[in-house]
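A.B. asks: I would like the atomic coordinates for the input below:
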Amino acid sequence: MRRMWPWLRMIIAVVILLVLVWRLGTGAFADGLRLIDGPAVLAALTIGLLTTVFSVWRWRLLAHRLGLPLPVLTAVADYYRALFLNAVLPAGVLGDAHRALRHGRYAGDVGRGVRAVVLERTAGQVVLIGAGVTALLVEPSLAATMAHAILPGLGVTAALLGALAVVGGLAAWAWRGRDIPRWRRAVTTALTDARRGLLARDAWPGVLGLSALILLGYVAMFVVAARTAGSAAPIGRLLPLALLALLVMALPVNVGGFGPREAFSALAFGAVGLGAQQGLTTAVVYGVLAFVASLPGAVVLLLRRGTGSAGRPPAGQTPKLGAEDGEVAAERLDQARENGLSLARRSQ
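C.D. replies: As a prediction, this is how the structure comes out:
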C-alpha cells in the first residue's frame, strides 16, 4: 500500500483536474499558459530565489542547532534541486527526501539529517496553518467553500490512511515486543532534536520569522499569478484566497501542487464574486510560475549528473546510515505534512 500511495494520490489529482475540465472547459488551462509573459517569468524567478534563500537560511539554522554542518552554496543547490524534483516526481516529497539523505551522508548522520529536513518543513507547515486559520476567521464565508473543495480528497485520504493503519496495526501485533526498544529510542531522539532545534529559545524566533517571510513570498507569487490571469481584485481580497489555496496545496493528493488547488480556487473565486473561471486560471498560472521558479534545480541536476557528487562526509567522519533510506525519509516527510493538516482541521 505504501508503494501504491504516490500513484493513488496522483490518480486522485488527475480525476479532480478532469472534473474541472468537464465543468469549466479547457479555456482556463489554455489561458494559464497563454497569458504568462516575460515579466511574470522574471517575477517568478526572483520570488523563487528569495523564498529559496530564506528556506535555506531556516534549514541551516536548524541543522546547526542539531550539530550538522551545511555549507551555504551546497544548501542552495540542494534546495533548488529538491524543489524541482518535488514538482516533477509523483510522490511530491522525493526531492526533500533526497535532500535529507544527501545532507545526512555529508554530515555523517543520516538520521539527524532527515530530522533536520522534517523540522524545517514542519516549521513552514505550522506558520501556513496559523495563517490559514486566521484567513478563515477573517473570511468565514470561505470555510464552507474550502470544506467543499477538500473534503472529497480528505475522505479518500482518510480511507487509505485507515487501511494503512490497519495493516500497520496487524504488523505491529505480529512483531509485538521485538522492536519496542528501538522505536522508543527513535521517538526519544526525535523529540530531543525537536527541542534542541525547533523549540529552542534562541532558534524558534528566527525560524518563525523566516517561515513568515517564505509564506509572504508564496502569497506574492499568487498575487502575480492573479494579475497575470487578468484579475484586478484588491490585494486585501486576494490575500485570504491565497493563504487558503496554499493550505489546500499541502493536501497529499496533488501532482506538483495541481489538483485540489485548482478546485478550491475555482470555488473560492466564484464564492466571493470574482468568477470560477478566473480562479481556475489564477491557480493554473500559479502552478506554472511555481514550476518556473524551480527550474534552477534542473540546472543543478544536470550539472551534477555523472559527477558522483552524492554528498560525501567531511574528512574523518563515517556516515551513520542505520536503517534510513529514501522511502523512510519520504514517509517521514509525508507524515509530518499530514500531521500539520490534521492540526489545521482540529483548529478549524
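
A.B. asks: hang on, isn't residue 251 packed against residue 263?
C.D. replies: No - proximity of residue 251 to residue 263 does not meet the contact threshold set by Cβ atoms under 8 Å, at 10.2 Å. All C-beta spots, glycine's among them, are computed from the backbone N, C-alpha and C.

A.B. asks: buried residues in the helix or strand where residue 64 lies?
C.D. replies: Using DSSP states H and E, residue 64 falls within helix 38-65. By 16 or more other Cβ atoms under 10 Å, the buried positions in helix 38-65 come out as 40-41, 43-45, 47-48, 50-63, 65.

A.B. asks: what sits against residue 49?
C.D. replies: The contact partners of residue 49, taken as Cβ atoms under 8 Å, 6 or more residues apart in numbering, are 293, 296.

A.B. asks: distance of it from residue 292?
C.D. replies: 12 Å (Cβ to Cβ, to the nearest Å).

A.B. asks: now swap in residue 117 and tell me
C.D. replies: Computed as Cβ to Cβ, the residue 117 to residue 292 distance reads 24 Å.

A.B. asks: which residues does whichever helix or strand comes after the helix holding residue 64 contact?
C.D. replies: Toward the C-terminus, helix 38-65 is succeeded by helix 72-88 as the next helix or strand (DSSP H and E). Among residues not part of helix 72-88, those counted as contacts by Cβ under 8 Å, 6+ apart are 48, 52-53, 55-56, 59-60, 92-96, 98-99, 102-103, 106, 256-257, 290-291, 293-301, 304.

A.B. asks: can you check stretch 221-233 too?
C.D. replies: Contacts to stretch 221-233, defined as Cβ under 8 Å, 6+ apart, come from residues 31-32, 35-37, 40, 43-44, 47-48, 235, 238, 241-242, 245-246, 274, 278, 281-286, 289-290, 293.

A.B. asks: try 6 Å this time
C.D. replies: Stretch 221-233 is touched from outside by 35, 40, 43, 47, 235, 238, 242, 274, 278, 281-282, 285-286, 289, with contacts defined as Cβ atoms under 6 Å, 6 or more residues apart in numbering.

A.B. asks: pLDDT weak spots in the protein?
C.D. replies: 1-13, 16-17, 23-26, 28, 90-92, 141-191, 193, 252-257, 306-348 (pLDDT under 70).

A.B. asks: mind running it again at 80?
C.D. replies: Applying pLDDT under 80 to the chain picks out residues 1-33, 89-93, 138-202, 250-260, 304-348.

A.B. asks: ok, and the closest non-adjacent residue to residue 35?
C.D. replies: The shortest distance from residue 35 to any residue other than its chain neighbours is 5.4 Å, reached at residue 228 (Cβ to Cβ, 6 or more residues apart in numbering).

A.B. asks: so how many other residues sit close to that neighbour?
C.D. replies: Here the neighbour count serves as a burial measure; for residue 228 (other Cβ atoms under 10 Å) it reads 24.

A.B. asks: need phi/psi at it.
C.D. replies: Backbone dihedrals for residue 228, given as degrees, to the nearest 10, come out at phi -60, psi -40.

A.B. asks: next one: the one 4 residues further on
C.D. replies: Backbone dihedrals for residue 232, given as degrees, to the nearest 10, come out at phi -110, psi 20.

A.B. asks: check residue 35 too.
C.D. replies: Backbone torsions for residue 35, taken as degrees, to the nearest 10, come to phi -80, psi -20.

A.B. asks: got it, and residue 199?
C.D. replies: Backbone torsions for residue 199, taken as degrees, to the nearest 10, come to phi -100, psi 0.

A.B. asks: run a quick neighbour tally on it.
C.D. replies: Under the criterion other Cβ under 10 Å, the count of neighbours that residue 199 has is 14.

A.B. asks: got it, and the one 3 residues further on?
C.D. replies: Around residue 202 sit 8 other residues, with neighbours defined as other Cβ under 10 Å.

A.B. asks: how about residue 27?
C.D. replies: Applying other Cβ under 10 Å, we find 13 residues neighbouring residue 27.

A.B. asks: separation between the residue nearest to it when sequence neighbours are not counted and residue 222?
C.D. replies: Leaving aside its sequence neighbours, residue 27 sits nearest to residue 277 (Cβ to Cβ, 6+ apart; 7.1 Å). Look at residue 277 and residue 222: by Cβ to Cβ, they are 17 Å apart.
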